[in-house]
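Coordinates for the following, if possible.
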Amino acid sequence: MIAPPGRADRIAIRALWTAELQEQTMDSRRMAGAIAGGLVAGLGITALLMAGERKSGEPSEIVALERKTADKLGIDTPAADALPSAREQAVTQSGHLLLSAAAGAVYAATVDEEASVIVSGLMFGAAFYAAMHWITGPLLGVKPPEWQADAKTIGMHSVNHAVFGLVTALGAKLATRG
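Numbers count the residues shown, from 1 in each chain. Predicted coordinates for the structure are as follows:
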């Protein structure tokens, strides 16, 4: 016959339960921090893209991607050289921020919490850049392959995604401090 748990057993079970709850809380804080970091970085890039539109008088690269995607889905879009309306800008940038948040979640789910912010952030930024600009965009037919871009564009994308990765990693790390 199995004896009911004694006091020592109950204390051990409670300690394990408490440790598990603390780990889950830490994981959820880290996830929230990485998502917040991704959103902050995404907002920064969004601001740069919109400022570039105002300065150049031409739609940003992300608006061009949104229009190319809409065209592929059979949705009417403005002329390629037209600046986006407020509505189009809201839709485009919302999609960009959703992608930034999703990338933050991927960071939290895939990168060890003990990893260096700098190393993990730079590696994640580079991986995200490769996944989006070198693989996914060209495979979906919404952007030319990145290897066809000029050095200035590749450099800009590399820096943007490096900063994105660093801010995402920093958000995850800061959220777990306490």
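
Can you find the helix or strand of the protein with the lowest average pLDDT?
In the chain, no helix or strand scores lower on mean pLDDT, DSSP states H and E than helix 7-56, which sits at a mean of 82.

Let's see the pLDDT reported for Ala131.
At Ala131, the pLDDT value in this model is 96.

Can you tell me how far it is from Gly137?
Using C-beta to C-beta, to the nearest Å, we find Ala131 at a distance of 9 Å from Gly137. Using the backbone N, CA and C atoms, a C-beta is placed for each residue, glycine as well.

And for Thr153?
With C-beta to C-beta as the criterion, Thr153 and Gly137 are 13 Å apart.

And those two? Which one has more around it.
Here Thr153 and Gly137 are set side by side on neighbour count (other C-beta atoms under 10 Å), and the busier one is Gly137, at 18 against 13.

Which residues are in contact with the more buried one?
Gly137 makes contact with Leu65, Lys143, Glu146 under the criterion C-beta atoms under 8 Å, 6 or more residues apart in numbering.

For it, what is the enclosing helix or strand?
Taking DSSP states H and E as the criterion, Gly137 maps to helix 137-140.

Helix or strand next in line after that helix, which one?
Sequence-wise, the next helix or strand downstream of helix 137-140 (DSSP H and E) is helix 151-175.

pLDDT on that following helix, on average?
For helix 151-175, mean pLDDT is 97.

Contacts for that helix, please.
Residues outside helix 151-175 that contact it (C-beta under 8 Å, 6+ apart) are 29-38, 40-42, 44-45, 48, 100, 103-104, 107-108, 111, 113, 115, 117-118, 120-126, 128-129, 133, 146, 149.

relative to helix 151-175, how tilted is the host helix or strand of Ala70?
In this assignment (DSSP H and E), Ala70 forms part of helix 61-72. For helix 61-72 against helix 151-175, the angle by axes from the mean of the first three to the mean of the last three C-alpha atoms, to 10 degrees is 100 degrees.

helix or strand right after helix 61-72?
Next helix or strand after helix 61-72 toward the C-terminus (DSSP H and E): helix 86-110.
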